[in-house]
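S.K.: model this:
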Amino acid sequence: MTNSTQTSSKQSAPQAWPYWITMTFVPLVILAVLQGGWTILLIPFYGWVLMPMLDIVLGKNLTNPDPDTLDSELFWFRLLTWIWFPIQVLLVFGTLWYLTHGNPHSTLETLGIMLGIGVTTGIVGIVYAHELMHKPNRVERNLGDLLLALVLYGHFRTEHLLVHHPYVGTPRDTVTARYNEGFHRAFFRILLTGFGSAWRAEKAMLARRNRSPLYLSNPIWKYLALQTVFLALAFAIGGWTGVGLFAFQAIVAIWQLELTNYVEHYGLTRKYLGDGAYEPVKPHHSWDSAHRVSGLLLINLQRHADHHVHPMRRYPLLQVYDKSQVPMLPTGYPPMTALAMIPPLWRRIFNPKVRAWRKQFYPEIEDWTPYKTGALPVPKGAG
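M.R.: Here you go, the predicted model:
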């Protein structure tokens, strides 16, 4: 597919060092754990306030790197995602040990610290897990599984690879937010249906090999086993208090993930072709953003259109599309996810954008009711 980008320049050798900005979360977490008080607020302020402010100042990055850059030239980009798992293990369980052994902080401070940990495991950990799970390298996929287990969301890998990517924008996809659906409703719908959706997808895949879903090759068992290990470790460190604090940071991380999913595809649907068939995934089925600093923080997750067209492409090589090809977010992800927490305001701003998107890309569709209500059939062959 030809990519008519917003800039004709090509950057043949992208630089890795700016992406290491995510490592600044580490000293912020350590400072919050040791000092408490107002320092706890630095973590959410950094991710939710400072980064968007820097986006305003530094603007967009419309440069597209050479998508054919070899993996051998991307070592420092890949190393960043490889080393995060041991760092996150130390941050999470080191904090649990500190907070359950002579904790000098108040209950409110303790919860604030774990909220900060959840912000970190959500903004960095899950985003890195997403990058790793898309790669054919078994080591990288295993690292992704471990990161997801640290937030008790292992089934997300199956749900994302076997459901979201092939069926985005159709009734089969759990995380495509429906038009007019508020985030809170979408969040609880996903929590209630996501695991079952992943189980059905793996069951269908195993059935094609004449195997039962109870077969040990079903990765669901691996996800559950890893999560059990980390819950047991949390219990060994801090008893039921440790388990509760561990679960709390996981909920915060999952909440951030699903906020991002909500923003990425809100109201965007693929055209139904009849007989259970939908058009292929295209760039305009994702909301895109090219804001510079939040792009570094989220390792280009905001270049989401290209990610869906080329899901195996490594994050430093993802491309920006022209606004005539994709719907563009007015800012990076952090302000958009904050806006999504206020459904009436979100709908007031984004429903007109969705209606404009329909007119731009599907002028031939006159009745959108089946798309809005989810009345269209599930894609043929979907598990």
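S.K.: the residue nearest in space to the middle of the chain: what's it in contact with?
M.R.: Closest to where the C-alpha atoms of the chain average out (CA atoms, centre = their mean) is residue 257, at 4.7 Å. With contacts defined as CB atoms under 8 Å, 6 or more residues apart in numbering, the neighbours of residue 257 are 122, 126, 153, 156. Placement of C-beta: from N, CA and C, glycine included.
S.K.: which parts of this structure are strands?
M.R.: 10-11, 64-65, 272-274, 277-278 (DSSP state E).
S.K.: switch these over to TSV; also include mean pLDDT.
M.R.: Putting the strands of the chain into TSV (pLDDT from 0 to 100) gives the following:
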stretch	mean pLDDT
strand 10-11	56
strand 64-65	94
strand 272-274	94
strand 277-278	94
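S.K.: what would the ones you listed look like in a markdown table with distance to residue 202 and mean neighbour count?
M.R.: Shown next, in a markdown table, are the strands of the chain (distance: least, CB to CB, whole Å; neighbours: other CB atoms under 10 Å):
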| stretch | distance to residue 202 | mean neighbour count |
| --- | --- | --- |
| strand 10-11 | 39 | 12 |
| strand 64-65 | 35 | 21 |
| strand 272-274 | 26 | 11 |
| strand 277-278 | 22 | 18 |
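S.K.: ok, residue 77 touching residue 316?
M.R.: Yes. The criterion here is CB atoms under 8 Å, and residue 77 meets it with residue 316 at 4.8 Å.
S.K.: which residues do these two both contact?
M.R.: Common neighbours of residue 77 and residue 316 (CB under 8 Å, 6+ apart) are 14, 16, 19.
S.K.: hmm, which of those is lowest in pLDDT?
M.R.: Looking at the shared contacts of residue 77 and residue 316 by pLDDT, the weakest one is residue 14, with 82.
S.K.: what's around residue 260, how many residues?
M.R.: 24 (other CB atoms under 10 Å).
S.K.: residues contacting the residue lying closest to residue 183 once chain neighbours are set aside?
M.R.: Excluding the flanking residues, the one nearest residue 183 by CB to CB, 6 or more residues apart in numbering is residue 340, at 4.4 Å. By CB under 8 Å, 6+ apart, the contact list for residue 340 reads 183, 259, 262-263, 266, 346.
S.K.: buried ones among those residues?
M.R.: The neighbour count (16 or more other CB atoms under 10 Å) marks 183, 259, 262-263, 266, 346 as buried among the contacts of residue 340.
S.K.: any idea how far residue 258 lies from residue 297?
M.R.: 18 Å (CB to CB, to the nearest Å).
S.K.: ok, now residue 316?
M.R.: 14 Å.
S.K.: mind checking which of the two has more residues around it?
M.R.: A count of neighbours by other CB under 10 Å puts residue 297 above the other of residue 316 and residue 297, at 30 against 20.
S.K.: now the residue nearest to the more buried one when sequence neighbours are not counted: how far from residue 138?
M.R.: Nearest non-adjacent residue to residue 297, counting by CB to CB, 6+ apart: residue 51, 5.4 Å away. Computed with CB to CB, the distance linking residue 51 and residue 138 is 33 Å.
S.K.: if you average pLDDT over stretch 27-43, what comes out?
M.R.: 96.
S.K.: most remote residue from the middle of the chain, which is it?
M.R.: Outermost residue of the chain (CA atoms, centre = their mean): residue 102, 35.3 Å.
S.K.: for the residue nearest to the centre of the chain, give me the pLDDT.
M.R.: So, for residue 257, pLDDT stands at 97.
S.K.: list the buried ones in stretch 108-128?
M.R.: Across stretch 108-128, burial judged by 16+ other CB under 10 Å covers 109-128.
S.K.: quick check: buried residues in stretch 19-26?
M.R.: Applying 16+ other CB under 10 Å to stretch 19-26 flags 19, 22, 25-26 as buried.
S.K.: got it, and stretch 89-109?
M.R.: For stretch 89-109, burial by neighbour count (16+ other CB under 10 Å) applies to 91-93, 95-96, 98-100, 103, 105, 109.
S.K.: so residue 248 makes contact with residue 116?
M.R.: No. Residue 248 sits out of contact with residue 116 when judged by CB under 8 Å, with a separation of 11.2 Å.
S.K.: gap between the residue nearest to residue 43 when sequence neighbours are not counted and residue 338?
M.R.: In this structure, residue 43 finds its nearest non-sequential neighbour in residue 116, 3.5 Å apart by CB to CB, 6+ apart. Using CB to CB, residue 116 is found at 17 Å from residue 338.
S.K.: OK, contacts around residue 87?
M.R.: Applying CB under 8 Å, 6+ apart, we find residue 87 in contact with residue 26.
S.K.: per-residue confidence for it?
M.R.: For residue 87, the pLDDT comes out at 98.
S.K.: over to residue 9?
M.R.: 48.
S.K.: and the one 3 residues further on, by the same measure?
M.R.: Confidence per residue is given as pLDDT, and for residue 12 that number is 55.
S.K.: returning to that earlier point: closest one to residue 60 out of the contacts of residue 340, please.
M.R.: residue 263 (17.1 Å; CB to CB).
S.K.: distance check, residue 317 against residue 84.
M.R.: 19 Å.
S.K.: could you do residue 239 as well?
M.R.: Computed as CB to CB, the residue 239 to residue 84 distance reads 28 Å.
S.K.: tell me which of the two has more neighbours.
M.R.: Each of residue 239 and residue 84 had its neighbours counted (other CB under 10 Å), and the higher figure belongs to residue 84 (25 against 11).
S.K.: what sits against the more buried one?
M.R.: The contact partners of residue 84, taken as CB under 8 Å, 6+ apart, are 22, 124-125, 128, 147.
S.K.: so among the residues you listed, where is pLDDT lowest?
M.R.: Ranking the contacts of residue 84 by pLDDT puts residue 22 at the bottom, with 93.
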